[in-house]
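Asker: Below are the sequence and a predicted model; questions follow.
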Amino acid sequence: MLTFTGRARVLPDAVNTDYIISSSRKRQIRDMDRLKQYVFEDLPGLPGGSIEPGDILVAGYDFGCGSAMEIAVDVLVASEVGCILARSSARTFYRNATNAGLALIIWEGGCVAEGDKLTVKYAQEPVVRNESKNAALQCSKVPGFITLVVQAGGLIHYVNSCGMPPRGCLQ
Amino acid sequence: MTYTFAEEVLSARAGAEAKAGDYVSAEVDLVYITDASATSVLDRIEELKDTSPADPDRVALVIDHYVPAPTAEVARIHGRMRRFAGETGAVLIEQGEGICHTVLGEMGLVEPGDLIIGADSHTVTYGAYGALAAGVGSTDAAVAVTTGRLWLEVPRTVNLVFEGCLPQGSTGRDLALLLNRTMGISGAAYSCVEIWPGSSGLSRDDLSAVCNTSAEWGAKAAVVSEPKASPPVEADVSVNLRDVVPQVALPHSPHKVRPAAEAAGTQVDLCFVGTCAGGSLSDLRQAARVLKGSRVRPGTRLLVAPGSRRIYSAASSEGLIDILVGAGAVILPPCCGPCCGALNGVPDDGETVISTGNRNYQGRMGNGESDIYLGSALTVAASAAAGKIIDPREVLG
């Protein structure tokens, strides 16, 4: 099982992919180590300064709406974000995160403040605790196939080791 | 047992009965990538054990975002796409042919009932051709290229029913903008929007504009049902087209939509007609209709990018290009143009833009210090002539 411990970085609702990384930056800068310095640069009022490795993003509704470009996920992976909790997520972003092996959990209730220490156990029934407040966060179940892909480290690793599933229904 | 369009297509492509909420591995009829996503997709293909396309006829590489190559770096991306197509037999759509969401349909590569994916969020546009068409990221595209398959959850369905006809001065783009306001950022989250046009007489260009915009509602896909088909007993959303007036989206959100008349008087510096949302032949006809015998106001600039070579050529035959050039427009090659700040046409600090594009996030056109409004080609062209935003019905008489 994947586990994460990190600092909560609270984000507003509707953080679109252009706010994660601007369209013009991603065109100008190909080097991911340089590009990651500009994560959330156009997002008004990101509290607490830049993203540090291990941070857990705690987003509102519709996280990752906008473009389907996977670079919005790549740049968060390069920033070594631990995992993402979102009240809801744009589907393309959710897929891209899954395919990149970045765990994204839909959280339904509970209280998180900027900088709180969180622990996350990623599984079909994820367990998320706010250690700073000694409380649990309610989360949605994660579909089985998605946990397999994330645990494999993303779809490329999954396909290289297990092959793409043949036509049909997935468990 | 009744099936939604998405359930029908995905059951067929998965070879198993699948209902909304089920996860399937489905066979893809066409996967396309653009020069904006090619590096990322081709890098991922190289990470896969098997790097050759499962079926090269079902893979298209479209050079449409950065056309012609503005830098050596972009030229290398284009070169890599050409080599990949040359070596694998995949379909190459060269620069100048047009925007991926326009040109593949024109070429007959999109059939009703197809499952189509593109590494670009506005792939949903092909719902106007009756396909289940979804935007995906680079990894999905890479795996679909090499395995021919895609994993996905069968989306639920939102039924969108139109009644009546659009009044004079209103276009499919106005309808699309109004729907942005109605649907919001997630009004169709992970849904397939089934559009029931009824006897509205909306053209394919109008319906393409609506399907295109469904990406802004969080839709997985949108599809246009047969014009004569009966809509479901209960519509999830219905729109009386007679009530649709010209609309604009205010900075910096495509969902912040108001009647154009409410933004009237706002000075504009740069006007743009083009993109997968507003670069159709209908859009060019609308722009030319407004600008015939008129001129872009001094101090205001107008850029026009036809959506495809075919549209460019048709517009030329109809005399539209002469009208637009005569009015002072700069014609760009068929491509995405300045829509996403990737190419020529970046606004200056403090400037105001009005565009037929689909997004106006801060910085979208390459300068975060500018404001972008969105409107129909009629509204954009009328605003270019006036030097300020106006309701186009004022000049259409």
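Answerer: That came through, no problem.

Asker: partner strands of the longest strand anywhere in chain B, parallel or antiparallel?
Answerer: Across chain B, the longest stretch assigned as strand under DSSP state E is strand B:156-163. Strand pairing for strand B:156-163, using DSSP bridges, gives strand B:191-196 (parallel), strand B:237-240 (parallel).

Asker: for those strands, which one ends up most surrounded?
Answerer: Scoring these by mean neighbour count under mean count of other Cβ atoms under 10 Å in any protein chain shown gives strand B:191-196 as the most buried, with a mean of 25. No exception for glycine: its C-beta is placed from N, CA and C like everyone else's.

Asker: which residues sit in contact with residue 16?
Answerer: All of this is about chain A. A:64-67, B:361 (Cβ atoms under 8 Å, 6 or more residues apart in numbering or on different chains).

Asker: hmm, I had chain B in mind actually
Answerer: Counting by Cβ under 8 Å, 6+ apart, residue B:16 touches A:167-169, B:24.

Asker: now the strands paired with strand B:156-163 in CSV, with mean pLDDT and distance to residue B:229?
Answerer: Listed next are the strands paired with strand B:156-163 as CSV, based on pLDDT from 0 to 100; distance: least, Cβ to Cβ, whole Å:
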stretch, mean pLDDT, distance to residue B:229
strand B:191-196, 97, 7
strand B:237-240, 96, 15
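
Asker: sorry, back to before: for residue A:22, state which of the contacts of residue A:16 is nearest.
Answerer: residue B:361 (8.7 Å; Cβ to Cβ).

Asker: what's near enough to touch the spatially closest residue to the closest one that is not a sequence neighbour?
Answerer: Leaving aside its chain neighbours, residue B:361 sits nearest to residue A:18 (4.4 Å; criterion: Cβ to Cβ, 6 or more residues apart in numbering or on different chains). With Cβ under 8 Å, 6+ apart as the criterion, the residues that contact residue A:18 are A:42, A:66-67, B:359, B:361-364.

Asker: Kindly report the same for residue A:15.
Answerer: Contacts of residue A:15 by Cβ under 8 Å, 6+ apart are A:40, A:43, A:59-60, A:62-65.

Asker: 10 Å - rerun?
Answerer: Counting by Cβ atoms under 10 Å, 6 or more residues apart in numbering or on different chains, residue A:15 makes contact with A:40, A:43, A:46, A:57, A:59-66, A:72, A:86, A:89-90, A:93.

Asker: can I assume it sits in a helix?
Answerer: No: Residue A:15 is assigned coil when assessed by DSSP: H, G, I helix; E, B strand; the rest coil, not a helix.

Asker: roughly how far apart are it and chain B?
Answerer: 11 Å (Cβ to the nearest Cβ, to the nearest Å).

Asker: what is the rounded mean pLDDT of stretch B:256-269?
Answerer: For stretch B:256-269, mean pLDDT is 98.

Asker: now do stretch B:3-14
Answerer: Stretch B:3-14 shows a mean pLDDT of 97.

Asker: circling back: of the contacts of residue A:18 - the most surrounded one?
Answerer: Within the contacts of residue A:18, neighbour counts (other Cβ atoms under 10 Å in any protein chain shown) peak at residue A:67, which reaches 29 neighbours.

Asker: correct me, but that one touches residue B:123?
Answerer: No: using Cβ atoms under 10 Å, residue A:67 makes no contact with residue B:123, being 11.5 Å away.

Asker: which residues are common contacts for the two?
Answerer: Taking Cβ under 10 Å, 6+ apart as the contact rule, the neighbours common to residue A:67 and residue B:123 are A:92, B:135, B:215.

Asker: From those, which land in helices?
Answerer: residue A:92 (DSSP state H).

Asker: Quick check: residues of the stretch 201-350 of chain B near chain A?
Answerer: B:215-220, B:252-255, B:339-343, B:346 (Cβ under 10 Å from any Cβ of the partner chain).

Asker: Need the max-distance pair from these.
Answerer: B:220 and B:346 (32.1 Å).

Asker: Comparing the two, which shows the higher neighbour count?
Answerer: Using other Cβ under 10 Å as the criterion, residue B:220 and residue B:346 rank with residue B:220 on top: 27 against 16.

Asker: where's residue B:115 relative to chain A, distance?
Answerer: Here the criterion is Cβ to the nearest Cβ. By it, residue B:115 lies 11 Å from chain A.

Asker: quick one on the thing from earlier: got the strands paired with strand B:156-163 as a markdown table, with distance to residue A:128 columns?
Answerer: Output for the strands paired with strand B:156-163, formatted as a markdown table (distance: least, Cβ to Cβ, whole Å):
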| stretch | distance to residue A:128 |
| --- | --- |
| strand B:191-196 | 27 |
| strand B:237-240 | 35 |
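
Asker: Type out the ChimeraX command that picks the buried ones from the contacts of residue A:15.
Answerer: A single ChimeraX command selects the buried members of the contacts of residue A:15 (16 or more other Cβ atoms under 10 Å in any protein chain shown):
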select /A:40,43,46,57,59,61,62,63,64,65,66,72,86,89,90,93
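
Asker: mind listing which of the contacts of residue A:15 are in helices?
Answerer: Among those, the members found in helices (DSSP H) are A:72, A:93.

Asker: Could you list the buried residues of stretch A:154-170?
Answerer: Buried, per 16+ other Cβ under 10 Å, within stretch A:154-170: A:154-156, A:158-159, A:164-165, A:169-170.

Asker: quick one: least confident helix or strand in chain A?
Answerer: helix A:23-28 (a mean of 79; mean pLDDT, DSSP states H and E).

Asker: List the buried residues of stretch B:48-60.
Answerer: B:48, B:53-54, B:56, B:58-60.

Asker: do stretch B:39-49 and chain A meet at all?
Answerer: Yes: Stretch B:39-49 comes into contact with chain A (Cβ under 10 Å from any Cβ), by way of B:39-41, B:44-49.

Asker: Any idea how many residues pack against the nearest residue to residue B:374 once chain neighbours are set aside?
Answerer: Sequence neighbours aside, residue B:249 is the residue nearest to residue B:374 in space, at 3.9 Å (criterion: Cβ to Cβ, 6+ apart). Using other Cβ under 10 Å, residue B:249 is surrounded by 27 other residues.

Asker: For the chain, just list every one of the helices.
Answerer: If you meant another chain, say so; for now it's chain A. Assigned by DSSP H, chain A shows helices spanning A:17-20, A:23-28, A:32-35, A:71-78, A:91-99, A:144-152, A:155-162.

Asker: ah, I was thinking of chain B
Answerer: For chain B, helices defined by DSSP H occupy the ranges B:5-14, B:38-47, B:72-88, B:100-106, B:138-147, B:172-183, B:204-213, B:260-263, B:275-278, B:281-291, B:309-317, B:320-326, B:377-386, B:393-396.

Asker: In the chain, where is pLDDT below threshold?
Answerer: No chain was given, so I picked chain A. Residues of chain A meeting the criterion pLDDT under 70: A:45-49.

Asker: In it, which residue is most central in space?
Answerer: Centroid-nearest residue in chain A: residue A:84, 3.3 Å away (criterion: Cα atoms, centre = their mean).

Asker: Name all residues that make contact with that residue.
Answerer: A:9, A:11, A:55-59, A:63-64, A:73, A:76, A:93-94, A:97, A:102-107, A:120.

Asker: and residue 100, how many residues sit next to it?
Answerer: Looking at chain A here, since you left the chain open. With other Cβ under 10 Å as criterion, residue A:100 counts 23.

Asker: my bad, chain B
Answerer: Applying other Cβ under 10 Å, I find that residue B:100 has 31 neighbouring residues.

Asker: Also residue B:298?
Answerer: By other Cβ under 10 Å, neighbour count at residue B:298 equals 7.
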